[in-house]
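**Student:** this one's sequence-less:
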């Protein structure tokens, strides 16, 4: 009988110890989640140790843990936690021992609590100890492409023609514009719009809606104008007026899904919190809506020495992708993948007694550039914070050549890899002559470059090069002249064609490609890309130990 009573007494005391252990563990779990706020909220002028210890003790009080009693204690240590959840203590002492300790590198706290437990039946007592580690969960947004703030009203006409043509769902556009003004253009490239307000205006209320709702492009422009007018201010109102003009010319059947260019890794709330540049937003939306559509803009309006007129053909193979979330490698952003051909009228050569016009054709294929957040450093003053990005841009291929319209829009086959880029037909006169030109070059991209974006928002940086040099393409030019009937001396004709084409290739980089590369929202990125970050938040907290 005595053995049974002893066993019961032992089980009661052990059960009480286990219960008290769980109780103290709950206290430190809550206290560590409160204490971590000391590292992200620096409005308090006290040291991080003092503030963290205060928060931890306030939390213990709320959970009826009286650390002032004999044998009871709550203490805090500051340290770091890496991506593998490994804890490293900073400094030799606890915050109770050294409340002046104030390490700026700390990203985690450990709260330790002890209390005595008096045995009910067995003689004596014991102590229970529990600890918990909490860290901040930084989140930030990341964009990659051509940052709108680099825009210049010098190229307002080209921007307007491209957006208007794409807003019609592709096809051939001849001098069609939305009559965008310089004031409206400046509004689009300067204004920002809250995505949550835009989602509400469009009836999008969940992560699933972002990913799956088909949004009419024309209605999207109108809804964005409504939100901007409600936000108020001259810049927003000017942007709203420009959007209304674009909506008036847009095709009513064009549609897209936000989920095709905005990641939802962190849920609806994070996506809704984004404030997007309006020009970037409409550029991405219209590119998604035109994926695999063929777009041809006649007479883009650029002045290129030696060129009397030219048109641009393009197809969006993959739209850009932007996103927001933690720096955990689970998501990335990328630029658009675009195929384009430029047909430039460069003059005429004499073939016998006939003046034959020459059209230089350039095919350009840009692949995706990619960026992944590798680190988020938050600060109460954004000027002291930063995000770090691992970014790469792919090589760009340039050809004196042409691609069929069907190959231009075939998303499953790369013309450059399937012999789909043929020699450019510079001239073809039935019964007289066929003149072709060929040549190619590649622009190397940046490989896994580390770029830190710091300072006040919007933070910006670049990866790769933004200057294209077509000298190699000029040097690689090969002209072939084939007589289609009459006997011709092809050598002089080839020389005359080269004399027309080579000077144009000398200036095509600066007068054409670099200009198109700088148009905001078009995402025509040649081996270089902008990176930009508009917000970062380290107020989210989690237990890691």
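**Tutor:** All right, it came through fine. Remember, predicted model here, so these are calculated numbers, not experimental data.
**Student:** Residue 248 in helix, strand or coil?
**Tutor:** Secondary structure, DSSP: H, G, I helix; E, B strand; the rest coil: residue 248 is helix.
**Student:** isn't it right next to residue 178, touching?
**Tutor:** Yes - Residue 248 is within contact range of residue 178, at 6.9 Å (criterion: Cβ atoms under 8 Å). C-betas here are computed from N, CA, C, even on glycine.
**Student:** what's near enough to touch the spatially most central residue of the chain?
**Tutor:** The centre of the chain sits closest to residue 143, judged by Cα atoms, centre = their mean, with a distance of 2.2 Å. When contacts are counted by Cβ atoms under 8 Å, 6 or more residues apart in numbering, residue 143 touches 280, 322, 333, 530, 531, 532, 533, 534.
**Student:** Please list the members of those that lie in strands.
**Tutor:** Counted as lying in strands by DSSP state E, out of the contacts of residue 143, are 333, 530, 531, 532, 533.
**Student:** what about the strands in the stretch 201-350 of the chain?
**Tutor:** 215-216, 255-256, 275-277, 294-298, 309-318, 323-325, 333-334, 337-351 (DSSP state E, counting those that start in this stretch).
**Student:** Let me have these in TSV, extended by mean pLDDT and mean neighbour count.
**Tutor:** Formatted as TSV, the strands of the stretch 201-350 of the chain follow (pLDDT from 0 to 100; neighbours: other Cβ atoms under 10 Å):
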stretch	mean pLDDT	mean neighbour count
strand 215-216	94	20
strand 255-256	91	20
strand 275-277	84	21
strand 294-298	82	20
strand 309-318	83	22
strand 323-325	82	26
strand 333-334	84	26
strand 337-351	90	20
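**Student:** Residue 543: neighbour count?
**Tutor:** If you count neighbours by other Cβ atoms under 10 Å, residue 543 ends up with 14.
**Student:** From here on, call the first residue 821.
**Tutor:** Shifting the count to begin at 821 puts that one at residue 1363.
**Student:** circling back: residue 1068 and residue 998 - which one has more neighbours?
**Tutor:** For residue 1068 versus residue 998, neighbours defined as other Cβ under 10 Å are more numerous around residue 998 (21 against 14).
**Student:** Verify the stated contact: that one with residue 984.
**Tutor:** Yes - the criterion here is Cβ under 8 Å, and residue 998 meets it with residue 984 at 4.9 Å.
**Student:** between those two, what contacts are shared?
**Tutor:** Common neighbours of residue 998 and residue 984 (Cβ under 8 Å, 6+ apart) are 1066, 1069.
**Student:** Residue 1296 versus residue 1348, what's the distance?
**Tutor:** According to Cβ to Cβ, to the nearest Å, residue 1348 and residue 1296 sit 22 Å apart.
**Student:** higher neighbour count, these two?
**Tutor:** residue 1348 (21 against 16).
**Student:** For that one, which non-adjacent residue is spatially closest?
**Tutor:** Distance criterion Cβ to Cβ, 6 or more residues apart in numbering; nearest residue to residue 1348, sequence neighbours excluded, is residue 1284 at 3.5 Å.
**Student:** Parallel or antiparallel, which strands does the lengthiest strand in the chain pair with?
**Tutor:** If you go by DSSP E, the chain has its longest strand at strand 945-965. Using DSSP bridges, strand 945-965 pairs in its sheet with strand 928-938 (antiparallel), strand 1143-1145 (antiparallel), strand 1348-1353 (antiparallel), strand 1356-1363 (antiparallel).
**Student:** Nearest to residue 1271 among those strands would be which one?
**Tutor:** Residue 1271 lies closest to strand 1348-1353 among these, at 5.8 Å (Cβ to Cβ).
**Student:** The closest residue to residue 953 other than its chain neighbours and residue 840, how far apart?
**Tutor:** Once flanking residues are discounted, residue 953 sits nearest to residue 1365: 3.8 Å by Cβ to Cβ, 6+ apart. For residue 1365, the distance to residue 840 equals 21 Å [Cβ to Cβ].
**Student:** How many residues are close by residue 1051?
**Tutor:** With other Cβ under 10 Å as criterion, residue 1051 counts 17.
**Student:** Check the spacing between it and residue 1062 real quick.
**Tutor:** Residue 1051 is 15 Å from residue 1062, by Cβ to Cβ.
**Student:** returning to what we had before: compare the ones in strands among the contacts of residue 963 and tell me which is most surrounded.
**Tutor:** residue 1153 (27 neighbours).
**Student:** Show me the shaky parts of the stretch 1221-1365 of the chain.
**Tutor:** 1236-1239, 1286-1287, 1337-1347 (pLDDT under 70).
**Student:** ranges for the helices of it?
**Tutor:** Taking DSSP state H, counting those that start in this stretch as the test, the helices found in the stretch 1221-1365 of the chain are 1225-1228, 1291-1295, 1310-1328, 1334-1337.
**Student:** from the ones you listed, which stretch is densest packed?
**Tutor:** Among the helices of the stretch 1221-1365 of the chain, ranked by average contacts under mean count of other Cβ atoms under 10 Å, first place goes to helix 1334-1337 (a mean of 20).
**Student:** where does the stretch 871-1020 of the chain have low pLDDT?
**Tutor:** Ranges of the stretch 871-1020 of the chain meeting pLDDT under 70: 903, 939-945, 966-972.
**Student:** where do the helices sit along it?
**Tutor:** Under DSSP H, counting those that start in this stretch, the stretch 871-1020 of the chain gives helices at 976-987, 1002-1010, 1015-1022.
**Student:** And for the last one, what's in contact with it?
**Tutor:** This points to helix 1015-1022. Taking Cβ under 8 Å, 6+ apart as the rule, helix 1015-1022 contacts 1025, 1029-1030, 1033, 1035, 1039-1040, 1043-1044, 1046-1047, 1050-1051, 1078, 1082, 1091-1096.
**Student:** how about 6 Å then?
**Tutor:** Helix 1015-1022 is contacted from outside by 1043, 1044, 1046, 1047, 1092, 1094, 1096, using Cβ atoms under 6 Å, 6 or more residues apart in numbering.
**Student:** What of stretch 915-923?
**Tutor:** 867, 868, 869, 870, 872, 873, 895, 896, 898, 910, 911.
**Student:** Can you flag the buried ones in these?
**Tutor:** 867, 868, 869, 870, 872, 873, 895, 896, 898, 911 (16 or more other Cβ atoms under 10 Å).
**Student:** now, which of those sits nearest residue 1121?
**Tutor:** Nearest to residue 1121 out of the buried ones among the contacts of stretch 915-923 is residue 868 (Cβ to Cβ; 57.9 Å).
**Student:** who's in contact with the closest one?
**Tutor:** 858, 922.
**Student:** Tell me the pLDDT of it.
**Tutor:** The confidence metric pLDDT takes the value 89 at residue 868.
**Student:** Tell me the spacing between it and residue 856.
**Tutor:** 10 Å.
**Student:** what's the answer for residue 953, then?
**Tutor:** For residue 953 relative to residue 856 (Cβ to Cβ), the value is 9 Å.
**Student:** quick revisit: out of the buried ones among the contacts of stretch 915-923, which are inside strands?
**Tutor:** 895, 896, 898.
**Student:** Now the second one: closest residue in space, sequence neighbours ignored.
**Tutor:** When the adjacent residues along the chain are set aside, residue 896 lies closest to residue 915, with 4.2 Å between them (Cβ to Cβ, 6+ apart).
**Student:** Please report the distance of that neighbour from residue 950.
**Tutor:** 17 Å.
**Student:** Over to residue 867?
**Tutor:** Residue 867 is 25 Å from residue 950, by Cβ to Cβ.
**Student:** now do residue 936
**Tutor:** According to Cβ to Cβ, residue 936 and residue 950 sit 13 Å apart.
**Student:** Same question for residue 1245.
**Tutor:** Counting by Cβ to Cβ - residue 1245 and residue 950 are separated by 79 Å.
**Student:** for residue 1159, what are its contacts?
**Tutor:** Contacts of residue 1159 by Cβ under 6 Å, 6+ apart are 1135, 1185, 1228.
**Student:** Identify the residue spatially nearest to residue 1327, adjacent ones excluded.
**Tutor:** With Cβ to Cβ, 6+ apart, the residue lying closest to residue 1327 is residue 1125, at 5.2 Å.
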